[in-house]
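Engineer: Fold the following, please.
(2 chains)
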There are 2 protein chains.
Amino acid sequence: MAMTEHPATDGSIITAAVLVIGNEILSGRTRDVNLPYLAVQLNEIGVRLREARVVPDVEQEIVDAVDQCRARYDYVFTTGGIGPTHDDITAASVAKAFGLPLVLNPEAVARLEAHYEPGTLNEARLRMAHTPEGATLIDNPVSIAPGFQIGNVFVLAGVPSIMQAMFEGLKHRLAGGAPVLSRTVAAFLPEGAIAKGLGALQDRYPGLEIGSYPFFRQGKFGTSLVLRGTESATLAAAADELRALIRSLDAEPLETEPA
Amino acid sequence: MAMTEHPATDGSIITAAVLVIGNEILSGRTRDVNLPYLAVQLNEIGVRLREARVVPDVEQEIVDAVDQCRARYDYVFTTGGIGPTHDDITAASVAKAFGLPLVLNPEAVARLEAHYEPGTLNEARLRMAHTPEGATLIDNPVSIAPGFQIGNVFVLAGVPSIMQAMFEGLKHRLAGGAPVLSRTVAAFLPEGAIAKGLGALQDRYPGLEIGSYPFFRQGKFGTSLVLRGTESATLAAAADELRALIRSLDAEPLETEPA
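Structural biologist: Numbering: from 1, shown residues only, chains lettered A, B, ... in the order given. Purely as a prediction, here's the structure:
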């Protein structure tokens, strides 16, 4: 897909990658919650998240990941590394990936000037007003310092509340494809008992993605089967066949995974 | 590092990557907990987690990720995709990445035969006894079906309790480098106030990794500063300088991030 300001209406598949930037995730200090948030949000608007990476605060690593992902996917979302300290190198790295100069963005400076007490907008805080040349700002209603979009890359904060507010404000800009619908059918059957019939079902419905997820509840093994696709009639037909398969194995199809 | 069966004792840096395999993480259905577990565990034994990726259940994607990571890092850990259903393609993909045939592993078959009731070890369950030729099994004390090691790649289950039991059983095989020690100093200072002095501190201690993480507690902005390195004397000296820096900004250094 070429970048567009209007939602795709042709049902084409729109893809994305998420890059979580930060040593603190890789060291185990911080548990990332941005990836699961973006995974849910993107899928809801019909954007398929195809890959995610956690990369350290190392310029060349960020440059390489941005470059590989922006070429492969319609959208790339980065989280983290846009604060005022020495380890915040995302903006500079993204500029380098695009071969663009990192410049002081006048609109970002104006927002920070309006926010900080006179005399406190120091050099470190002005780092947060730098973007690759030609970037569009992404609003930060929580703590002002903006994110930015350059090409198909969206650079977001790492603090979850700020990242979420930024995403809420920009998601109308994204072109979603046909929404992915999902149906779950569960049963108290171990995966190994249903695997053969399930494989045959997947072969009959190549346009669906059928996932199998084991669980252990109420002292028994069971399996949640998730059917995903864009056509609700096809999903309904496959779910009917799946329920019949479960009954043929002497189990009851359940509409949700038991608690 | 060449693969070794003995722990490194020369303090060299040992690196790793984690590959989380599964559409369910990318669709937002399941929240991954394996990456944070492995991040903490690897760091504790002195292995530096340098990269993590979430990849879909697509053979070529898994092959590419395994190939790139096994060449770059000392160890690669995969989670997910080793069950009995059609979407469990990790073993076949890893075999392909190594250019090895996928074979029925006699020891794995023996374990499954001993576990399943006679007549229930069907074709689907025998999928779980396939490994790349020459692989070493990884014990699964929870549900028997083993993981495996081939070269520097460790293939683990996706179900967290099983993955953790597998890792516990194999971690003695891993060569750890010098353990990474960390010191945290926090203060009720916004990042932008301490950034300049912190950058100078990082410049004076190039062998340490100094991370800055903002927080909002008790109605106030603050920053946690994490110093990481292998030499405790250097860490202590840098932490002393950091406390002095915080006091020079009219704040109190705190030993931990306030609750």
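
Engineer: So A:A65 lies in a helix, does it not?
Structural biologist: Yes. According to DSSP: H, G, I helix; E, B strand; the rest coil, A:A65 belongs to a helix.

Engineer: which residues sit in contact with it?
Structural biologist: Going by C-beta atoms under 8 Å, 6 or more residues apart in numbering or on different chains, A:A65 touches A:19, A:53, A:55. Bear in mind the C-beta positions are built from the backbone N, C-alpha and C, glycine included.

Engineer: Look up how far A:G81 lies from it.
Structural biologist: For A:A65, the distance to A:G81 equals 12 Å [C-beta to C-beta, to the nearest Å].

Engineer: ok so, going back, could you dump the contacts of A:A65 to CSV with neighbour count and secondary structure?
Structural biologist: Output for the contacts of A:A65, formatted as CSV (neighbours: other C-beta atoms under 10 Å in any protein chain shown; DSSP: H, G, I helix; E, B strand; the rest coil):
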residue, neighbour count, secondary structure
A:L19, 27, strand
A:R53, 25, strand
A:V55, 28, strand
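
Engineer: and of those, the nearest to B:A97?
Structural biologist: Distance to B:A97 across those (C-beta to C-beta) is lowest for A:R53, with 17.8 Å.

Engineer: so what's A:G211 closest to, chain neighbours aside?
Structural biologist: Of all residues not flanking A:G211 in the chain, A:V226 sits nearest, at 4.5 Å (C-beta to C-beta, 6 or more residues apart in numbering or on different chains).

Engineer: For that neighbour, I want the exact helix or strand it lies within.
Structural biologist: In the assignment (DSSP states H and E), A:V226 maps to strand A:220-229.

Engineer: Before we move on, what's the pLDDT of the nearest residue to A:G22 once chain neighbours are set aside?
Structural biologist: Distances taken as C-beta to C-beta, 6+ apart place A:G80 nearest to A:G22, at 4.2 Å, with adjacent residues excluded. On the pLDDT scale, A:G80 is placed at 97.

Engineer: The lengthiest helix in chain A vs chain B: in contact?
Structural biologist: The longest helix of chain A (DSSP state H) is helix A:232-248. No. Remark: helix A:232-248 sits outside contact range of chain B, by C-beta under 8 Å from any C-beta of the partner chain, the gap being at least 12.7 Å.

Engineer: now the angle from that helix to strand A:220-229?
Structural biologist: Here helix A:232-248 runs at an angle of 160 degrees relative to strand A:220-229 (axes from the mean of the first three to the mean of the last three C-alpha atoms, to 10 degrees).

Engineer: Would you mind listing the buried residues in helix A:232-248?
Structural biologist: A:235, A:238-239, A:241-243, A:245-246 (16 or more other C-beta atoms under 10 Å in any protein chain shown).

Engineer: How much space separates A:A95 from A:T79?
Structural biologist: Using C-beta to C-beta, A:A95 is found at 17 Å from A:T79.

Engineer: how many neighbours does A:R217 have?
Structural biologist: Neighbourhood size, A:R217 [other C-beta atoms under 10 Å in any protein chain shown]: 12.

Engineer: ok, which stretches of the stretch 151-259 of chain A are helices?
Structural biologist: Applying DSSP state H, counting those that start in this stretch to the stretch 151-259 of chain A gives helices spanning A:160-170, A:191-204, A:232-248.

Engineer: Go ahead and report the secondary structure state at the nearest residue to A:E59 once chain neighbours are set aside.
Structural biologist: Among residues not flanking A:E59 along the chain, A:S93 sits closest, at 5.0 Å (C-beta to C-beta, 6+ apart). Using three-state DSSP, the structure places A:S93 in helix.

Engineer: A:S93 contacts A:D67, doesn't it?
Structural biologist: No. Using C-beta atoms under 8 Å as the test, A:S93 is too far from A:D67 to be in contact (10.1 Å).

Engineer: quick one: which of these two has more around it?
Structural biologist: For the pair A:S93 and A:D67, the greater number of neighbours falls to A:S93 (25 against 17), based on other C-beta under 10 Å.

Engineer: Kindly state the pLDDT recorded for that one?
Structural biologist: A:S93 carries a pLDDT value of 98.

Engineer: ok, now how distant is it from B:P214?
Structural biologist: Distance of A:S93 to B:P214, computed by C-beta to C-beta: 20 Å.

Engineer: any idea how far A:P179 is from A:E168?
Structural biologist: Distance from A:P179 to A:E168, counting by C-beta to C-beta: 18 Å.

Engineer: now do A:D64
Structural biologist: A:D64 sits at a distance of 30 Å from A:E168 (criterion: C-beta to C-beta).

Engineer: Between those two, which is the more surrounded one?
Structural biologist: A:D64 (15 against 12).

Engineer: show me what contacts that one?
Structural biologist: Taking C-beta under 8 Å, 6+ apart, we find A:D64 in contact with no residue.

Engineer: before we move on, what about A:G222?
Structural biologist: Neighbours of A:G222 in contact, by C-beta under 8 Å, 6+ apart: A:186-190, A:214-216, A:257-258.

Engineer: and chain B, which of those residues contact it?
Structural biologist: Near chain B, by the rule C-beta under 8 Å from any C-beta, you find A:P214 out of the contacts of A:G222.

Engineer: buried subset of the contacts of A:G222?
Structural biologist: Neighbour counting by 16+ other C-beta under 10 Å classes A:186-190, A:214-215, A:257 among those as buried.

Engineer: per-residue pLDDT, the residue in the stretch 151-259 of chain A positioned nearest to chain B?
Structural biologist: At 3.2 Å from chain B, A:A195 is the closest residue in the stretch 151-259 of chain A, using C-beta to the nearest C-beta. For A:A195, the pLDDT comes out at 97.

Engineer: Just the closest of the buried residues of helix A:232-248 to A:S27, please.
Structural biologist: For the buried residues of helix A:232-248, the nearest to A:S27 is A:L235 (41.6 Å; C-beta to C-beta).

Engineer: separation between the residue nearest to A:G211 and B:F216?
Structural biologist: A:V226 sits 37 Å away from B:F216, going by C-beta to C-beta.

Engineer: Then A:G151?
Structural biologist: From A:G151 to B:F216 the distance is 32 Å (C-beta to C-beta).

Engineer: What ranges does chain A have for its strands?
Structural biologist: Under the criterion DSSP state E, chain A contains strands at A:14-21, A:47-55, A:75-79, A:102-104, A:130-132, A:136-138, A:147-150, A:153-156, A:181-187, A:209-217, A:220-229.
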